[in-house]
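1. Here's my sequence, what's the structure:
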Amino acid sequence: MVSVPVFNLNGERIGEVELPSVFDMEVRPDTIRRTYLSQLTARIQPQGRDPLAGLRTSAESWGAGHGVARVPRVKGRGYPAASRAARAVMTVGGAKTTAPRSWKVIWERVNKKERRLAILSAIAATGRIDLVKARHRVDLDHVPLIVTDDLEGISKTSELYSLLLKLGLKDELDRTKRRFKKIRAGRGKMRGRVRQRARGPLIIYLNEGSPIARAARNIPGVDVVALRNLSVIHLAPGGVPGRLTVWTEGALRSLEEVMGIA
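-> Just a heads-up that it's a prediction; the model follows:
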């Protein structure tokens, strides 16, 4: 079993704790990626077009011999829409050739055991220093970072930010802040996605509803999640394992029990 230090709110080392056996598991990037896509596509709401859109018309082609194009034309005479081209894909208000279909399967299905394996593997990846350094700008000797349960009681953003600096995450916080200032290129600016957001440290705590959830909202890149709500989306953003995590001591001790491997 590997032991890692425990820090208090002043960033001081006050003891050690053994990592659960979950951190000794093999890291499976393929399973993590597949489960990530499954949970990501599950958020997408199916949408499509009316199958009869552009087809509710009396338009029929006149055929050859009339000196006009042989596109379908609305029947009748003496009113504005008479003889107007309709139904065809190149006409105004006509049918669409490849319209989105609401019955298209857009989600990735995974088995329960595969999903469970993926989240345990993603947790194990947070304990591999080489994977964490490949994703984050940190100069640490050990991961994950463990803080006393007093972390859950922090209610001010300034206090949490100061603690992260004391834990040696200044370069990482500066990276996420710089990325947040960048304006996104392309049409995403017109659709509510003006700024890009880098993923920084993930804080995992035990008791839902703790003040820490509100304290971290205004720090770019920092995410907070209760242990029972932990998923591959949090642990491996983009489907890439090795996210930097900060655990409360209580959450780490309850990990195996909550995950059902005690």
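
2. Using the three-state scheme, assign Ile203.
-> strand (DSSP: H, G, I helix; E, B strand; the rest coil).

3. What is the neighbour count of it?
-> Residues near Ile203, counting by other CB atoms under 10 Å, number 26. Where you see a C-beta, it was placed from the backbone N, CA and C, and this is true even at glycine.

4. who does it bridge with?
-> For Ile203, the beta-bridge partners are Val224, Val246 (DSSP bridges).

5. State the distance from it to Ala215.
-> Remark: distance between Ile203 and Ala215 (CB to CB, to the nearest Å) = 9 Å.

6. same question, Ser21
-> Counting by CB to CB, the gap from Ser21 to Ala215 is 31 Å.

7. quick one, which of the two is more surrounded?
-> Remark: of Ser21 and Ala215, Ala215 carries more neighbours, 24 against 14, as counted by other CB under 10 Å.

8. Just to check, the more buried one is in contact with Ile154?
-> Yes: if you go by CB atoms under 8 Å, Ala215 and Ile154 touch, sitting 5.1 Å apart.

9. Of all residues in this structure, which one is nearest the centre?
-> By CA atoms, centre = their mean, the chain has its centre lying nearest to Ile233, at 5.1 Å.

10. ok, that one touching Thr35?
-> No: taking contacts as CB under 8 Å, Ile233 lies outside contact range of Thr35: 9.2 Å.

11. measure the residue located most distally from the centre of the chain to Ala85 for me?
-> Checked against the mean C-alpha position of the chain, the extreme residue using CA atoms, centre = their mean is Gly65, at a distance of 59.8 Å. Here Gly65 is placed at a distance of 17 Å from Ala85 (CB to CB).

12. okay, and for the stretch 101-250 of the chain, where does confidence drop off?
-> For the stretch 101-250 of the chain, no stretch has pLDDT under 70.

13. so is the closest residue to Gly242 other than its chain neighbours in a helix, a strand, or just coil?
-> Spatial nearest neighbour of Gly242, excluding adjacent residues (CB to CB, 6 or more residues apart in numbering): Leu131 at 2.9 Å. In three-state terms, and counting by three-state DSSP, Leu131 is helix.

14. residues contacting Leu131?
-> By CB atoms under 8 Å, 6 or more residues apart in numbering, the residues touching Leu131 are Val27, Ala125, Pro241, Gly242.

15. and what of Asp139?
-> By CB under 8 Å, 6+ apart, the contact set of Asp139 is Gly168, Asp171.

16. go on, Val17?
-> Ser3, Val4, Val6, Ile146, Glu249, Leu252, Arg253.

17. Tell me how far it lies from Thr97.
-> 61 Å.

18. Need the pLDDT of the spatially closest residue to the residue nearest to the centre of the chain that is not a sequence neighbour.
-> Using CB to CB, 6+ apart and skipping the chain neighbours, the partner closest in space to Ile233 is Gln39 (5.3 Å). In this model, Gln39 is scored at 95, pLDDT.

19. cool, and Ala262?
-> 58.

20. Strands of the chain, residue ranges please.
-> Here the chain has its strands, by DSSP state E, at 3-7, 13-18, 60-61, 72-73, 145-147, 202-205, 223-226, 245-248.

21. How far does the fourth one sit from its chain's centre?
-> Right, the one you point to is strand 72-73. How far strand 72-73 lies from its chain's middle: 48 Å, per CA atoms, centre = their mean, to the nearest Å.

22. try the last one
-> Distance of strand 245-248 from its chain centroid, counting by CA atoms, centre = their mean, is 19 Å.

23. That strand - contacts with which helices or strands?
-> Helices and strands touching strand 245-248, by 3 or more CB pairs under 8 Å, 6 or more residues apart in numbering; DSSP states H and E, are strand 145-147, strand 202-205.
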